[in-house]
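**Student:** Structure for this input, please:
(2 chains, ligands or ions: 2)
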Amino acid sequence: MNPTRVLIADDHAVVRAGIRLLIDRQEDMEVIGEAGDGWQAVEQATSLRPDLVLLDVTMPGLNGLEVASELRRAVPDVRLLVLTMHDDEAYLRQFLQAGVSGYILKKAADTELVAAVRAVVRGETYIYPSLTGVLVDRFLDKPEVTKERGSHGKLTARETEILQLVAQGYTSQQIGDRLSITVNTVQTHRAHIMEKLELKGRAELVRYALARGLLTGEPS
Amino acid sequence: MSLRLQIVLAIAGLILVLGLAGTFHARFTLSGISEDLLEQRGNAIASDLEGHASELLLTDDIYGLYRRINSIMNSEGDMRYVVILGPNGEVKASTFAGGLPVGLREANPVPDGQASSTEILETSEGSLLDMARPVLGGEAGVIRVGLSRERVESDVASLTFRLLAITGGILLAGLLVSYGLATLLTRPLSRLADAARAVGRGDLSRKVAIESSDEVGELSAAFNAMTDQLREKEEDRRRLLAQVISAQEDERKRVARELHDEAGQALTSLMLGLKHLHETAVDDTVRARVADLRTVASDTLELMHDLSLDLRPSSLDDLGLVAALERYTKDFGRKYEINVDFHAGALRERRLPIQHEVTVYRIVQEALTNTARHASAKNISVTLDRRNGTAVVVAEDDGSGFDPSGQELSPAEARRLGIRGMEERAALLGGRVTIESRPGAGTAVFLEIPIDEDDLT
Ligand SMILES: Nc1ncnc2c1ncn2[C@@H]1O[C@H](COP(=O)(O)OP(=O)(O)OP(=O)(O)O)[C@@H](O)[C@H]1O
Ligand SMILES: [Mg+2]
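**Tutor:** Ligands and ions are numbered 1, 2, ... in the order given. Presented below is the predicted three-dimensional model:
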């Protein structure tokens, strides 16, 4: 079997050197090129046709995400593995959408890079363990948004009105002024609403109102 | 007492005092003069009568006497009576149809050696001036003349009345004029007071119109100059604050980037190098030493990363507010073991100008830090949404709450910068922070910032 041909795209020469040292030691992989910015990365990936591009996020010229999108289009069969300092879930999500096969953090480069390269070449998706947790969280979270709670049919018209205003982010004072009632009354109503609908906090209340169409159209 | 009332009362008092004093004085003078004139007339009539009567008395010409007194009665309008008494007090001639009224004869005795005597008699027919004049030293008899004082009295009364009426008129006019004048004087003053109150509340755009070049106008001009100065100062302060904040943010961003990129990359390559050494080293002690170093490098990298995140998360600039807050709230919840529920509504898809995003991020950061430090809360909600042309952010906890009016804060607490800082940051973008809290009822921090549809990307 031919060794995996790897292109390193990273704007830091010392990092590239370190990675090259590590990869070249492996029997089943070799570094065939290095790119110091986004443009070079696209250029070299199209001309050298590596099996895998190791991609940094922050780079001069095109950034990692732009390079990923560009390569998906230009050389769809090249696999992309992101190697970055950024441990934000949001970065990960964007890169997965752009079609990368792996995402690992630089702080684990020495221990996980080689395993990640192998997994990705095998056609698997490799994501840095603490970040996969994040993805699973989100997946499990999802149904909760639409989970059936007490219905607001149980709410009085006044309570629905207050629910709507609270969800829109009005202060109790503003709501009181609008409806010509005291702040205390507003808060009592609100406490009732939360109890009836079994809502734990403002964010849940907003999501509830959103799901019931209370934030856009007429109260239903 | 209002200044207006004071002015009106002062002027009314002055008019009243002047009017009454004038009236009294005029009345006194007029009655004195009239009294003198009446007396002189009585004297003239009596002495004229004496000249004629002495001869008629001596000849005992009663008829002649009657003719005289009747002609006097007819020619003098306010003549009440003329009586001529004989030497022994008997009536020689009299204009009284019946006898003399009781007491008249004795009423006005002439002291010895005097040419005449005058007496005021109060009778049932009014006040009279009675003159007694002995004829030939009393030898031939006494002439008594009675003149009515009614005209004198009515003249004085009518003068008094007219003067009082005039005083009243002047008083009325004075009241009107002084009321108008006082209004004219005090209106700009109350306008000034209104404006001063507005400025006190922080409305530095208030101006007062300068309507005159007098002292009030001067005061208005000085007031306007003062508010101008205050506004300039306030603008200076704002500008300076904005500069300080943006300089601080820039610096944090720069240092965070530097830590994240340069130092981070250097440590990464260090770790990769150590890994290589570890794999190639033959000596076990060297390998163990390299493994230790790898741990040091890894810990340092972690530290650097956290520090950079703390200073300014790169996701805020690269991915936007929602991503940055998602990250922050998640880390925060884990760190303080508080359940943080973050909901981003309509703003999830759009990006605000970076200044706005940084402001919102910092304010949420401060609100959550306060919750962690003071509230001992179990749950925090952070919601981010757009309401018409306003970005609305609410951070609400279910903790211990406090009195946001600041009345129960110790002076040290009141000097804290957290809440002040939130308010100032919001104000720089034309927004505002409202805190609703009560001891025992949790705390909600509301942030409203106006946003321009064109600024969204
Ligand atoms: N969420 C909260 N729950 C309970 N009390 C609060 C909360 N937020 C603020 N406070 C009270 O308000 C006071 C002022 O808050 P502020 O943020 O201005 O100052 P600080 O947090 O004490 O100090 P710093 O200047 O470091 O922020 C706090 O000392 C605390 O007593
Ligand atoms: Mg604070």
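**Student:** Show me how chain B divides into domains.
**Tutor:** B:3-160, B:204-312, B:319-455 (automatic domain parsing).
**Student:** now, of these, which is deepest in the fold?
**Tutor:** Ranked by mean neighbour count, the domains of chain B are led by domain B:319-455 with a mean of 18 (mean count of other Cβ atoms under 10 Å in any protein chain shown). Using the backbone N, CA and C atoms, a C-beta is placed for each residue, glycine as well.
**Student:** So it, near ligand 1 or not?
**Tutor:** Yes - Domain B:319-455 is in contact with ligand 1 by Cβ under 6 Å from any ligand atom, via B:370-371, B:373-375, B:397, B:399-402, B:409, B:413, B:416-419, B:443.
**Student:** Let's see which of these end up in strands.
**Tutor:** Among these, the residues falling in strands (DSSP state E) are B:Asp397, B:Thr443.
**Student:** which ones among the residues of domain B:319-455 next to ligand 1 come in contact with ligand 2?
**Tutor:** B:Asn370, B:Gly418 (Cβ under 5 Å from the ion).
**Student:** Just the element for B:Val199, please.
**Tutor:** helix B:150-200 (DSSP states H and E).
**Student:** now for whichever helix or strand comes after that helix, which elements pack on it?
**Tutor:** For helix B:150-200, the following helix or strand on the C-terminal side (DSSP H and E) is helix B:215-258. Under the contact criterion of 3 or more Cβ pairs under 8 Å, 6 or more residues apart in numbering or on different chains; DSSP states H and E, helix B:215-258 touches helix B:150-200, helix B:284-311, helix B:314-318, helix B:418-428.
**Student:** any residues touching the third one, and which ones?
**Tutor:** When you say that, I think you mean helix B:314-318. With Cβ atoms under 8 Å, 6 or more residues apart in numbering or on different chains as the test, helix B:314-318 has contacts from A:58, A:86, A:88, A:90-91, B:253, B:256-257, B:260, B:308, B:323-324, B:327, B:354, B:357-358, B:361.
**Student:** hang on, the earlier thing: what angle do helix B:215-258 and the helix holding B:Val199 make with each other?
**Tutor:** Per axes from the mean of the first three to the mean of the last three Cα atoms, to 10 degrees, the angle that helix B:150-200 makes with helix B:215-258 is 10 degrees.
**Student:** Tell me how far helix B:150-200 lies from the chain's centre.
**Tutor:** Relative to the centre of its chain, helix B:150-200 is centred 23 Å away, using Cα atoms, centre = their mean, to the nearest Å.
**Student:** In chain B, which residue sits nearest ligand 2?
**Tutor:** B:Gly418 (2.5 Å; Cβ to the ion).
**Student:** per-residue confidence for the residue nearest to that residue when sequence neighbours are not counted?
**Tutor:** Among residues not flanking B:Gly418 along the chain, B:Glu366 sits closest, at 5.3 Å (Cβ to Cβ, 6 or more residues apart in numbering or on different chains). pLDDT, B:Glu366: 94.
**Student:** How about B:Asn370?
**Tutor:** So, for B:Asn370, pLDDT stands at 93.
**Student:** how about the nearest residue to it, chain neighbours excluded?
**Tutor:** Nearest non-adjacent residue to B:Asn370 (Cβ to Cβ, 6+ apart): B:Gly418, at 5.8 Å.
**Student:** so B:Tyr81 touches B:Thr95, yeah?
**Tutor:** Yes - the criterion here is Cβ atoms under 8 Å, and B:Tyr81 meets it with B:Thr95 at 4.9 Å.
**Student:** Identify the contacts common to these two.
**Tutor:** Joint contacts of B:Tyr81 and B:Thr95 (Cβ under 8 Å, 6+ apart) are B:Met73.
**Student:** sorry, back to before: export the domains of chain B to JSON lines and tack on distance to A:Thr216?
**Tutor:** Listed next are the domains of chain B as JSON lines, based on distance: least, Cβ to Cβ, whole Å:
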{"stretch": "domain B:3-160", "distance to A:Thr216": "57"}
{"stretch": "domain B:204-312", "distance to A:Thr216": "35"}
{"stretch": "domain B:319-455", "distance to A:Thr216": "10"}
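**Student:** so which residue of chain A comes closest to chain B?
**Tutor:** At 2.8 Å from chain B, A:Gly18 is the closest residue in chain A, using Cβ to the nearest Cβ.
**Student:** got the contact list for that residue?
**Tutor:** Going by Cβ under 8 Å, 6+ apart, the list of residues near A:Gly18 reads A:Ala109, B:Thr268, B:Ser269, B:Leu270, B:Met271, B:Leu272, B:Gly273, B:Lys275, B:His276.
**Student:** List the contacts of A:Leu7.
**Tutor:** A:31-35, A:41, A:44-45, A:48, A:50, A:52-54.
**Student:** Separate out the buried members of the residues you listed.
**Tutor:** A:Val31, A:Ile32, A:Gly33, A:Glu34, A:Ala35, A:Ala41, A:Gln44, A:Ala45, A:Pro50, A:Leu52, A:Val53, A:Leu54 (16 or more other Cβ atoms under 10 Å in any protein chain shown).
**Student:** what's across from the first one in the sheet?
**Tutor:** Judged by DSSP bridges, the bridge partners of A:Val31 are A:Val6.
**Student:** Among the contacts of A:Gly18, which one sits closest to B:Ala426?
**Tutor:** Using Cβ to Cβ, B:Thr268 is the member of the contacts of A:Gly18 that lies nearest B:Ala426, at 39.0 Å.
**Student:** Thought A:Ile104 was touching the closest one, still the case?
**Tutor:** No - counting by Cβ under 8 Å, A:Ile104 is not a contact partner of B:Thr268; they are 11.6 Å apart.
**Student:** picking that back up, could you list every residue that touches the residue of chain B closest to ligand 2?
**Tutor:** B:Glu366, B:Thr369, B:Asn370.
**Student:** any idea how far the residue of chain A most remote from its centre is from B:Lys253?
**Tutor:** For chain A, the residue at maximal distance from the C-alpha centroid (Cα atoms, centre = their mean) is A:Ser180, at 43.8 Å. The gap separating A:Ser180 from B:Lys253 is 47 Å, by Cβ to Cβ, to the nearest Å.
**Student:** Alongside chain B, which residues does chain A contribute?
**Tutor:** When proximity is defined as Cβ under 8 Å from any Cβ of the partner chain, chain A approaches chain B at A:12, A:14-15, A:17-19, A:21-22, A:25, A:58, A:85-91, A:94, A:106-107, A:109-111, A:168-169, A:171-173, A:183, A:187, A:200-207, A:210, A:215.
**Student:** Brilliant, that's me finished.
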